[in-house]
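Engineer: heads up, no residue letters with this:
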């Protein structure tokens, strides 16, 4: 069973973002990052979102896996070059 979509949904809910399938896809498409910008340093996060993402990545918690998946998705354009 693929739980990636439901986990991404939960992450978007935690971040206070549109957690619908279309909302997630639109966010990722509209917020592609250059290769040298870490996901937690992206300029579009508010302070609370930035802190949450940073803490989860540093703690290597269960959330870190899905935050890393979001990071990869937000860098898809950069890695395709």
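Structural biologist: Sure thing, it's come through. These numbers were taken from a predicted model, which means no experiment stands behind them.
Engineer: For residue 42, which non-adjacent residue is spatially closest?
Structural biologist: residue 33 (5.7 Å; CB to CB, 6 or more residues apart in numbering). From N, CA and C alone the C-beta is placed, and that goes for glycine too.
Engineer: Can you tell me the SS state at the one you found?
Structural biologist: The three-state assignment at residue 33 reads coil, by DSSP: H, G, I helix; E, B strand; the rest coil.
Engineer: Equivalent analysis for residue 19, please.
Structural biologist: coil.
Engineer: any idea how far residue 38 is from it?
Structural biologist: Relative to residue 38, residue 19 is positioned 23 Å away (CB to CB, to the nearest Å).
Engineer: Which of those two has more residues huddled nearby?
Structural biologist: residue 19 (17 against 13; other CB atoms under 10 Å).
Engineer: Would you state the predicted confidence (pLDDT) at that one?
Structural biologist: At residue 19, the model reports a pLDDT of 96.
Engineer: That one against residue 13, yeah?
Structural biologist: Yes - using CB atoms under 8 Å, residue 19 is in contact with residue 13, at 4.5 Å.
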